[in-house]
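Q: Fold the following, please.
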Amino acid sequence: MHKGSSFQAILDNLYGLKRFGIRLGLENISSLLSELGEPQKYINAIHVGGTNGKGSTAAFIYNILNAKGYKVGLFTSPHLFSILERIQINNTPIPKEEFIGLFKKVKDVIPQDLEVTFFEFLTAMALRYFFDQKVDWAVIEVGMGGRFDATNLIHPKVSIITNIEYEHTDYLGKDLRKIATEKGGIIKKEGILVTAIREPEILSIMKKICHSLNAQMFAIDRDFEVRTDSFEITRTRFRFKDEDNLFESIEIPLAGEYQVDNAACAIKTSVILNDLGWEIGEEDIKRGLRDVRWRGRFDVSKRNPIVICDGAHNPSGIKSFMESFVRLFAYDRLFVIFGVMSDKDFSKMGECIIPHADSLILVKPNVERALDPEIMLSEFKRYKKEVLVIKNVGAAIDHTLSRASEKDIICIIGSLYLVSEALQILESVSVNSG
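A: Model prediction:
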């Protein structure tokens with residue numbers, strides 16, 4: 001079997017593990033990592049959790065460590081173009097051959113009676129890869145929740161929790177305090193937490209968790225602060241201040257004021273690591289943030305007309321996106337291509353979008369968990385706006401591009417899975433037309 005078909009066979013095998021669904025608990029991953037030599041115990045890690053902004057924050061701290069010259073691993077999910085993106089070192093996705101070898105290594109040690117989920121398997125692969133490659137640092141994004149997430153056997157130098165909103169309520173609980181407690185489960189005994197949480201009640205829960213574990217907590221607006229100086233379509237400039245530092249003229253190549261909070265968490269984490277002896281300076285921080293690349297977040301994917309893809313996938317994420325969007329753009333008409341997973345509160349997401357949209361096109365991303373747009377249609381019909389169902393994402397993009405003028409804007413939003421599919425379609429359109 002040649003390498004291409006071998007890789008495809010492995011992907012089929014991996015995706016077949018999705019039949020075991022989502023399982024929150026550490027028993028399986030603990031057994032698996034034990035069989036693999038407990039790689040998580042030998043890795044300097046940064047653990048990034050929260051509801052929105054986990055991926056961006058992970059990318060920010062990863063790039064800062066890269067800029068300093070460290071060998072840095074990154075484990076995130078989901079991917080946009082290839083599963084290999086989920087496991088990378090210094091901006092290079094894991095090579096296909098390494099992925100195949102790791103898959104076999106993990107598969108060979110799984111006890112016959114152990115049902116390992118897709119995410120557990122990938123987590124084990126990532127941690128073993130980072131151990132084998134002797135990385136200086138590994139930045140690990142939480143999959144879901146925190147306390148029982150498969151990534152939570154690592155021993156991070158710093159845990160970051162970006163923010164906490166309602167999500168995955170079937171798994172994490174329907175009460176925000178319960179969700180906060182689950183996500184706070186990544187805080188370790190005598191560890192360090194950096195957070196962008198501002199809501200007093202939720203911050204109080206984090207404070208109690210830290211107190212019970214004798215852990216330090218650094219919170220935005222209390223222990224560090226940021227001020228946005230300017231923001232444009234392709235960049236945002238801001239300043240950062242804490243007790244000992246004032247960093248001015250910081251630039252990130254991402255739009256959206258909410259990204260400043262994410263970057264601030266990465267900066268504070270870098271300052272803490274510097275204080276711990278890892279020698280990360282202001283120039284490393286600025287260079288790392290300036291050079292970050294993170295697709296699918298306020299991603300201006302096409303011009304004439306402008307097409308923006310964003311992976312916001314819950315009401316708070318959509319709200320933040322729309323707030324920045326209306327401040328950044330003037331347009332004649334706004335077309336929104338909208339598709340979500342079946343466990344999302346699409347109604348509240350729609351409430352944030354519809355006041356600004358002239359046309360809402362409902363689609364079904366090519367993912368098993370995607371919601372049938374016909375279900376959304378009955379909800380959105382009550383608004384006095386054009387609402388269409390075009391289930392196929394490619395057909396929806398073609399339809400919308402054919403109607404939009406150069407003064408109109410198209411937003412594709414609601415799920416990273418949708419954005420992944422859309423970006424691949426848009427890039428193939430660009431190649432074919434070019």
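Q: Only C-alpha atoms from now on, for both contacts and neighbour counts.
A: OK.
Q: Can you check the pLDDT for Glu427?
A: For Glu427, the pLDDT comes out at 85.
Q: typo on my end, His313
A: What the model reports for His313 is a pLDDT of 89.
Q: need the contact list for the most centrally placed residue in the chain.
A: By CA atoms, centre = their mean, the chain has its centre lying nearest to Gly55, at 2.9 Å. Gly55 makes contact with 76-77, 141, according to CA atoms under 8 Å, 6 or more residues apart in numbering.
Q: ok, now with 7 Å
A: Each residue near Gly55 by CA atoms under 7 Å, 6 or more residues apart in numbering is listed here: 76, 141.
Q: For Val340, see how far away it is.
A: Distance, Gly55 to Val340, using CA to CA, to the nearest Å: 18 Å.
Q: phi, psi of the residue nearest to the centre of the chain?
A: The phi/psi pair for Gly55 (degrees, to the nearest 10) reads phi -60, psi -40.
Q: domain ranges for this structure?
A: 3-290, 299-433 (automatic domain parsing).
Q: What separation do you get for the residue nearest to the centre of the chain and Asp372?
A: For Gly55, the distance to Asp372 equals 27 Å [CA to CA].
Q: before we move on, what about Asp244?
A: Asp244 is 52 Å from Asp372, by CA to CA.
Q: cool, Arg227 as well?
A: Distance of Arg227 to Asp372, given as CA to CA: 41 Å.
Q: who has more neighbours, those two?
A: Asp372 (18 against 15; other CA atoms under 10 Å).
Q: and the more buried one, what are its phi and psi?
A: For Asp372, the backbone dihedrals (degrees, to the nearest 10) come out as phi -70, psi 120.
Q: Can you show me the helices along the stretch 101-250 of the chain?
A: Using DSSP state H, counting those that start in this stretch, the helices of the stretch 101-250 of the chain run over residues 118-132, 169-172, 176-183, 200-212.
Q: So which of those is the most surrounded?
A: Neighbour counts (mean count of other CA atoms under 10 Å) averaged over each of the helices of the stretch 101-250 of the chain peak at helix 118-132, with a mean of 23.
Q: How far off centre is it?
A: Put simply, helix 118-132 sits 18 Å off its chain's centre (CA atoms, centre = their mean, to the nearest Å).
Q: same check, this time on stretch 123-136
A: Using CA atoms, centre = their mean, the offset of stretch 123-136 from its chain centre is 20 Å.
Q: ok, now stretch 97-112?
A: 26 Å.
Q: With just CA atoms, put it into PDB.
A: The C-alpha coordinates for stretch 97-112 follow below in PDB (Å, rounded to 0.1, in the frame of the first residue of the first chain):
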ATOM      1  CA  GLU A  97       4.800  10.000   7.500                       C
ATOM      2  CA  GLU A  98       5.200  11.000  11.200                       C
ATOM      3  CA  PHE A  99       1.500  11.000  11.600                       C
ATOM      4  CA  ILE A 100       1.200   7.500  10.100                       C
ATOM      5  CA  GLY A 101       4.000   6.200  12.400                       C
ATOM      6  CA  LEU A 102       2.400   7.900  15.500                       C
ATOM      7  CA  PHE A 103      -1.000   6.500  14.600                       C
ATOM      8  CA  LYS A 104       0.400   3.000  14.500                       C
ATOM      9  CA  LYS A 105       2.400   3.500  17.700                       C
ATOM     10  CA  VAL A 106      -0.700   4.600  19.600                       C
ATOM     11  CA  LYS A 107      -3.000   1.900  18.100                       C
ATOM     12  CA  ASP A 108      -0.500  -0.800  19.000                       C
ATOM     13  CA  VAL A 109      -0.700  -0.100  22.700                       C
ATOM     14  CA  ILE A 110      -4.500   0.300  23.000                       C
ATOM     15  CA  PRO A 111      -5.900  -2.600  25.100                       C
ATOM     16  CA  GLN A 112      -8.500  -4.600  23.200                       C
END
